[in-house]
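> Sharing a model prediction with you, sequence too.
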Amino acid sequence: MKQHTGKYRSKKLPKLLFITLLLVTLTGCGQSVETKQDHVEENPNIQIGFTMDSFLIERWQRDRDVFVSKAKRLGADVNVQNANGSLEEQISQINYFIEKDVDVIVVVATDCEGLSEAILKAKKEGIPVVAYDRLINRANVDAFVSFDNQMVGELMGRAIADKLPEGGNILMMNGPLTDSNVPFVMEGFQQAIADKNINILDTGYAANWRAEDAFDFTGNYLSREEAVIPDAIMCGNDSLAGQATKALAERRLAGKVIVTGQDADLDACQRIVEGTQYMTVYKPVEKLAERAAEIAVALAVNEPINTSDTIHDGTYDVPYEKLTPVAVTKENIDEVIIGSYHQRKEVYLNVREE
């Protein structure tokens, strides 16, 4: 267990802790709570600045809502900003939070290579920073909260390896390399398929997670005269998987080619029960968002945090709270997804159940 002991002087003492200290003091002095409590001045709420890459990916709205709700229950106000996929806009938002002297900054990075200077500036001003879901390289963030992204790739790789014969053929459609999770996912995936001697026919990358890139990549590959029809397509997330499936459908290959993704988006779960997407990786974002909120509030008031691991950001070893993802296929979707993440009537909307 990695313990963060707190590098910053707390600007605001939590109301609950303040009252607890007051009660202890009053008990020791033999005075009644009622005679002194009227003089307690409430501390202002903890202020969290939360800058998000964008809301193009379905899950991010859920992350935001759960984080804000949990933070409020912990006595914090959250100012959420949307960078709309722009590195420059996200840097501007971080600078805005610094000027506002927020207690902690949380970042879903648009570009994990381009934010280090802005993050280091925030830390120099005494504001702790949490990297949410995506590690910010060479920034020495105070905490990184995410899933085991190498395992995400391993789960997709195992799903494909278990279905394909020796020497099967696949396409890889990844997210952008500016997302620090992508290399981890790719590494885990390639390790999982190594024993099967599976051939990677072509590899693509979606700039800024633009889903249409997967449609173009898949369609362009299948349009080649010498193209070998792939047995499977590994997609970096479910939005990419949806567009790859669309390109397959135009050639009457949907359901004949194994497609994998991650995030358990509603439309991906629908494709799984319909048979056009084989699997997705479910990452319980409620747990992620709530844990991130707990860590952010703890850092804001200089309380120690306990994280499960550390991760190297290229320069520094930073505290890493690593959550476990789950592979979802048609066989376990009811158990894992229905009721806890999506409703049955939504997932099976296009399927006639007997």
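The structure has been received and is ready for your questions.
> chain center to the helix or strand harbouring Ala292, what's the gap?
Ala292 is part of helix 285-300 when elements are defined by DSSP states H and E. Centroid displacement of helix 285-300 relative to its chain, using C-alpha atoms, centre = their mean, to the nearest Å, is 12 Å.
> Run through who's touching it.
4, 6, 8, 10-12, 14, 46, 48, 59, 62-64, 66-67, 70-71, 74-76, 103-104, 106, 128, 130, 132-133, 142-143, 145-147, 304-305, 307, 321, 323 (C-beta atoms under 8 Å, 6 or more residues apart in numbering). Glycine gets a C-beta too; all of them are placed from N, C-alpha and C.
> partners of the following helix or strand past that helix, with directions?
Counting by DSSP H and E, the element after helix 285-300 in chain order, helix or strand, is strand 305-307. Using DSSP bridges, strand 305-307 pairs in its sheet with strand 2-4 (antiparallel).
> for the partner strand, what is the average pLDDT?
Regarding strand 2-4, the rounded mean pLDDT is 44.
> Just checking: what are the partner strands of the helix or strand where Val145 lies?
Assigned by DSSP H and E, Val145 belongs to strand 143-147. Sheet pairing of strand 143-147 (DSSP bridges) gives strand 129-132 (parallel), strand 317-323 (parallel).
> quick one, whatever helix or strand comes next after that strand and strand 143-147 angle?
Using DSSP H and E, the helix or strand that directly follows strand 143-147 along the chain is helix 149-163. When axes from the mean of the first three to the mean of the last three C-alpha atoms, to 10 degrees is applied, the directions of helix 149-163 and strand 143-147 differ by 10 degrees.
> by contact count, what packs against helix 149-163?
On a contact count with 3 or more C-beta pairs under 8 Å, 6 or more residues apart in numbering; DSSP states H and E, helix 149-163 meets helix 181-193, strand 232-235, strand 258-260, strand 279-282, strand 326-329.
> where in the protein is pLDDT low?
1-44, 353-354 (pLDDT under 70).
> which stretches of it form helices?
15-29, 33-37, 59-73, 87-99, 116-124, 149-163, 181-193, 212-222, 238-249, 266-274, 285-300, 333-336, 344-347 (DSSP state H).
> Switch these over to JSON lines; also include distance to Ile200 and mean neighbour count.
Listed next are the helices of the chain as JSON lines, based on distance: least, C-beta to C-beta, whole Å; neighbours: other C-beta atoms under 10 Å:
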{"stretch": "helix 15-29", "distance to Ile200": "54", "mean neighbour count": "12"}
{"stretch": "helix 33-37", "distance to Ile200": "67", "mean neighbour count": "11"}
{"stretch": "helix 59-73", "distance to Ile200": "27", "mean neighbour count": "18"}
{"stretch": "helix 87-99", "distance to Ile200": "30", "mean neighbour count": "18"}
{"stretch": "helix 116-124", "distance to Ile200": "32", "mean neighbour count": "18"}
{"stretch": "helix 149-163", "distance to Ile200": "11", "mean neighbour count": "22"}
{"stretch": "helix 181-193", "distance to Ile200": "8", "mean neighbour count": "20"}
{"stretch": "helix 212-222", "distance to Ile200": "12", "mean neighbour count": "20"}
{"stretch": "helix 238-249", "distance to Ile200": "15", "mean neighbour count": "24"}
{"stretch": "helix 266-274", "distance to Ile200": "22", "mean neighbour count": "22"}
{"stretch": "helix 285-300", "distance to Ile200": "30", "mean neighbour count": "23"}
{"stretch": "helix 333-336", "distance to Ile200": "28", "mean neighbour count": "16"}
{"stretch": "helix 344-347", "distance to Ile200": "31", "mean neighbour count": "14"}
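> Thank you, goodbye.
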